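Peer 1: One predicted model, sequence on top.
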Amino acid sequence: MSTSDELIQSGKKNLDSENYVDALSFFDQALALEPNNPDFLNLKGVALRSLGRYDEASECYNKSLELDPRDKASS
């Protein structure tokens, strides 16, 4: 069984090679291991956007931001 890091690396390689369906599969497998990882959700969003699945990509981006609002306002 692959670790989530191995799955993400494979997914990124497939993204770079424009194999978006395969990349999405790797990101889904990684998310099965770590469902609340905002970085994994963001990568899944990139793959979905590349496939033209914009609504699903938007859902991934929004969930990622809910889990980790990276641009926290400084007070």
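Peer 2: Perfect, thanks for sending it.
Peer 1: if I pick residue 23, what's in contact with it?
Peer 2: 11, 12, 14, 15, 43, 47, 50 (CB atoms under 8 Å, 6 or more residues apart in numbering). The C-beta positions use only the backbone N, C-alpha and C, and glycine is treated the same way.
Peer 1: Give me the buried positions along the helix or strand harbouring it.
Peer 2: Per DSSP states H and E: residue 23 is located in helix 20-33. The neighbour-count check on helix 20-33 (16 or more other CB atoms under 10 Å) flags 20, 22, 23, 24, 25, 26, 27, 29, 30, 31 as buried.
Peer 1: mean confidence score for it?
Peer 2: In this model, helix 20-33 has a mean pLDDT of 98.
Peer 1: same question, stretch 2-17
Peer 2: The average pLDDT within stretch 2-17 is 96.
Peer 1: What are the contacting residues of that stretch?
Peer 2: By CB under 8 Å, 6+ apart, stretch 2-17 touches 20, 22-27, 29-30, 33-34, 37, 39-40, 43, 46-47, 50.
Peer 1: Repeat the analysis, applying 7 Å as the threshold.
Peer 2: Stretch 2-17 is contacted from outside by 22, 23, 26, 27, 29, 30, 33, 34, 40, 43, 46, 47, using CB atoms under 7 Å, 6 or more residues apart in numbering.
Peer 1: Dump these into TSV; add distance to residue 58 as well.
Peer 2: As requested, the contacts of stretch 2-17 are exported to TSV (distance: CB to CB, whole Å):
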residue	distance to residue 58
22	22
23	18
26	21
27	16
29	22
30	20
33	24
34	21
40	16
43	15
46	12
47	13
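Peer 1: Show me which of those is closest to residue 69.
Peer 2: residue 40 (16.5 Å; CB to CB).
Peer 1: next structured bit after the helix holding residue 23?
Peer 2: helix 38-50.
Peer 1: Would you mark the buried spots in that next one?
Peer 2: Using 16+ other CB under 10 Å as the test for burial, helix 38-50 gives 38, 40, 41, 42, 43, 44, 45, 46, 47, 48, 49, 50.
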